[in-house]
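Undergrad: one predicted model, sequence on top.
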Amino acid sequence: MRHLTGAFAGALVAGIVALAPIAAEAHGPTRQKVEITREINAPADKVWAAVSNFQDLSWVPGVAKVEGSGSEVGSKRTITLENGETLTETVDKLDAAKMMIMYRADADNVKFLPVTNYSSRLTVKANGSGSTVTWWGAFYRGYPNNDPPADLNDETALSAVTGLYNAGLDGLKKKLEGGS
Amino acid sequence: MTRALAVLALFSALAVPVLALASTTALAAAETVAVPGSRPAFVSVSQAAGLLTGHDDTGAMIGKVALDRAPAVPVVTADGGRAYVSQPELGTIAVVDLATWTRGETLTVGGQPFGLALTRDGRLLVADWSGNRLVEIRLADGAIRAVPVGHAPSAVVLSADEAFAYTVDRESDAVSVVDLAALQVTETIDVGRAPFAAALAPDGRRLFVANVQSADLSVIDLRFAREIARVPIGGMPYGVAIDPASGRVAVTDQEGGRLVFVESRSLALGGVATVGDYAEGVAALSGGVFAVANWFSDSLTLVDPGGSEPVRHVPVPEGPRMLAVVPQ
């Protein structure tokens, strides 16, 4: 997927100020971070097998389907939410020994997630007979300039990613521990 | 283009209500820690914590001062006495007295001030990210001028003779050359995709530009105002610094958590060091050591000139982004 670049992107942003989707590389100056951790009562290799399967998001509520193939560096997936919005993500780094997968959004879709330049990482660490899973996100708010509208400000971005990670990790815990 | 600079507060009682209005997340402005008589080797901006911290040449923190909100880029005066720190979310520049670690006035620029540079005769240059302009503030009297540059300028670097400024225009994939006497753009130099940071070679002839999206380092010959080489770095190059003694260029790769070395004359790759997560700002300290700010790890990494192994990891307040060397 190609990004809009140079003068064309500049003209687009200048011409259609508020309503246009923002080009993937346009973002504001202040990046945000979210880090959510869950203890899961399942062996680390089993948890890693689940989170490193890039084409399975059955544990994340609200996901209608995932299309793509592979769980290697460069593998892509397109996620469709139940509301019809889509986001395509690519694996950037994968370290099975450290149980770490990192991926980023190819382009922004603030209706999917009200953020820009989104990247994310999942790690698994053995903790006794169980595991500690951490889901990290780095992103900018949806609106790059100052005085963002309420639905594209820092608080909305942080709240959306925090909500996604909490719900996702709760789903992962439920899936792996079995039952509810 | 000239308009009055609003100086909000000058070490006076005014500072308190202004700061209170400016931010709900600011820490108490009086919170400082300082070792009397010690001068930091470099300063670091922790964006999420809203702090400027000072460090000795081992990285140890020897001073800090609270700023207003989401500070980004620091620059330090030639006498090492003051730091100016951009606050893009507020459209302001915070001033810090590094001798006493106290907060000074607040300069209002508007837009989203980000990259900064200081001339020897006391002009502060400000890259206004969302205003697509370079702003010049004469610090003696607050006189302000501005010139349009490319889209989303993130950094500004001075030429060796300070006759020109170079803005790194992130979303134009270009560097603008600004004649500072006339305050006019005289050249636009195409570089890689999404350039973010730049550093001037010690001899003043070349400018090195880190390109985030094309994963490389543009080398500009300033005499001819054109890109003469593109050095592959990999990942997402976000910061660049040059050791003045050896000419060694160090580039942070934010995606890979690496510091990549390039020899400034041959442009040969000169090794790689593993640093922290989302490495961004880098500064050349004395003795060829480089300090790197790891935004995600909340740490600094100091990398030894000889080897690829980090010499020290130092925890710092949340969200370190940019560093500036303090002249000694």
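TA: Ah, there it is. Numbers count the residues shown, from 1 in each chain, chains lettered A, B, ... in the order given.
Undergrad: just the helices from chain A, written as ranges.
TA: A:6-15, A:44-51, A:154-177 (DSSP state H).
Undergrad: so for the chain, which residue is the most central one in space?
TA: In the absence of a named chain, chain A is used. A:Ser120 (5.2 Å; Cα atoms, centre = their mean).
Undergrad: that's the wrong chain, I wanted chain B
TA: Computing the C-alpha centroid of chain B and ranking residues by Cα atoms, centre = their mean puts B:Val73 first, at 4.6 Å.
Undergrad: surely it is in contact with B:Val43?
TA: No: contact between B:Val73 and B:Val43 fails when scored by Cβ atoms under 8 Å: they sit 10.7 Å apart. C-beta: built from backbone N, CA, C; applies to glycine.
Undergrad: overlap in contacts, these two.
TA: Shared contacts of B:Val73 and B:Val43 (Cβ atoms under 8 Å, 6 or more residues apart in numbering or on different chains): B:Ala324.
Undergrad: quick one: low-confidence parts of chain B?
TA: B:1-37, B:307-310 (pLDDT under 70).
Undergrad: circling back to that earlier point, list the contacts for the residue nearest to the centre of chain A?
TA: Residues in contact with A:Ser120 (Cβ under 8 Å, 6+ apart) are A:Glu89, A:Met102, A:Tyr103, A:Arg104, A:Trp135, A:Trp136, A:Gly137, A:Ala138.
Undergrad: count of residues packed around residue 79?
TA: Using chain A. 22 (other Cβ atoms under 10 Å in any protein chain shown).
Undergrad: nope, chain B
TA: Number of residues near B:Asp79 (other Cβ under 10 Å) recorded here: 10.
Undergrad: now for it: which residues touch it?
TA: By Cβ under 8 Å, 6+ apart, the neighbours of B:Asp79 are B:Pro327.
Undergrad: ok, now the one 5 residues further on?
TA: Under the criterion of Cβ under 8 Å, 6+ apart, the contact partners of B:Tyr84 comprise B:Pro74, B:Val75, B:Val76, B:Ile93, B:Ala94, B:Val95, B:Val96, B:Leu107, B:Leu116, B:Leu118, B:Leu124.
Undergrad: now tabulate these in a markdown table and tack on distance to chain A, neighbour count and secondary structure.
TA: As requested, those are arranged in a markdown table below (distance: Cβ to the nearest Cβ, whole Å; neighbours: other Cβ atoms under 10 Å in any protein chain shown; DSSP: H, G, I helix; E, B strand; the rest coil):
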| residue | distance to chain A | neighbour count | secondary structure |
| --- | --- | --- | --- |
| B:Pro74 | 14 | 27 | strand |
| B:Val75 | 16 | 21 | strand |
| B:Val76 | 20 | 23 | strand |
| B:Ile93 | 13 | 23 | strand |
| B:Ala94 | 15 | 27 | strand |
| B:Val95 | 19 | 22 | strand |
| B:Val96 | 19 | 27 | strand |
| B:Leu107 | 16 | 25 | strand |
| B:Leu116 | 13 | 25 | strand |
| B:Leu118 | 20 | 21 | strand |
| B:Leu124 | 18 | 24 | strand |
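Undergrad: from those, which two are the most distant?
TA: B:Val76 and B:Leu107 (15.5 Å; Cβ to Cβ).
Undergrad: isn't B:Ala152 right up against B:Gly131?
TA: No: the pair B:Ala152 / B:Gly131 is not scored as a contact, 9.6 Å apart, by Cβ under 8 Å.
Undergrad: which residues pair with the residue nearest to the centre of chain A across the strands?
TA: Counting by DSSP bridges, A:Ser120 is bridged to A:Tyr103, A:Gly137.
Undergrad: show me what from the stretch 151-300 of chain B comes close to chain A.
TA: Listed as neighbours of chain A in the stretch 151-300 of chain B under the rule Cβ under 8 Å from any Cβ of the partner chain: B:151-152, B:154, B:170-173, B:193-194, B:212-213, B:255-256, B:278, B:295-296.
Undergrad: out of these, which is most surrounded?
TA: Of those, with other Cβ under 10 Å as the count, B:Ala152 tops at 31 neighbours.
Undergrad: check contacts around it.
TA: If you count contacts by Cβ under 8 Å, 6+ apart, then B:Ala152 has A:Ala26, B:Trp129, B:Ser130, B:Asn132, B:Asp169, B:Arg170, B:Glu171, B:Ser172 around it.
Undergrad: those residues in strands, which ones?
TA: Within the contacts of B:Ala152, residues falling in strands by DSSP state E are B:Asp169.
Undergrad: what about the strands in chain A?
TA: A:31-40, A:63-69, A:76-81, A:86-95, A:100-105, A:115-127, A:130-141.
Undergrad: can I get these in CSV with mean pLDDT?
TA: CSV is the format used below for those (pLDDT from 0 to 100):
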stretch, mean pLDDT
strand A:31-40, 95
strand A:63-69, 97
strand A:76-81, 97
strand A:86-95, 95
strand A:100-105, 96
strand A:115-127, 96
strand A:130-141, 96
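Undergrad: okay, the ones you listed in TSV with distance to B:Gly63 next?
TA: Output for these, formatted as TSV (distance: least, Cβ to Cβ, whole Å):
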stretch	distance to B:Gly63
strand A:31-40	25
strand A:63-69	48
strand A:76-81	46
strand A:86-95	36
strand A:100-105	35
strand A:115-127	32
strand A:130-141	28
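Undergrad: quick one: the closest residue to chain B within chain A from B:Phe114, how far?
TA: Across chain A, the shortest distance to chain B (Cβ to the nearest Cβ) belongs to A:Pro29, at 4.0 Å. As for A:Pro29, its distance to B:Phe114 is 5 Å (criterion: Cβ to Cβ, to the nearest Å).
Undergrad: between those two, which contacts overlap?
TA: Common neighbours of A:Pro29 and B:Phe114 (Cβ under 8 Å, 6+ apart) are B:Ala72, B:Pro88, B:Trp129, B:Ser154.
Undergrad: taking those, please make a PyMOL selection of just the buried ones.
TA: Of those, the buried ones can be selected in PyMOL as follows, counting by 16 or more other Cβ atoms under 10 Å in any protein chain shown:
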select buried, chain B and resi 72+88+129+154
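Undergrad: among the shared contacts of A:Pro29 and B:Phe114, which lie within helices?
TA: Per DSSP H, those never map to helices.
Undergrad: neighbours around B:Val260, how many?
TA: 24.
Undergrad: so what's the residue of chain B found nearest chain A up against?
TA: Of all residues in chain B, the one sitting closest to chain A is B:Pro88 (4.0 Å; Cβ to the nearest Cβ). Applying Cβ under 8 Å, 6+ apart to B:Pro88 gives the contacts A:Gly28, A:Pro29, A:Thr30, A:Asn146, B:Ala70, B:Ala72, B:Gln112, B:Pro113, B:Phe114, B:Trp129.
Undergrad: at 10 Å instead, please
TA: A:28-30, A:145-146, B:47, B:69-73, B:109, B:111-115, B:127-130 (Cβ atoms under 10 Å, 6 or more residues apart in numbering or on different chains).
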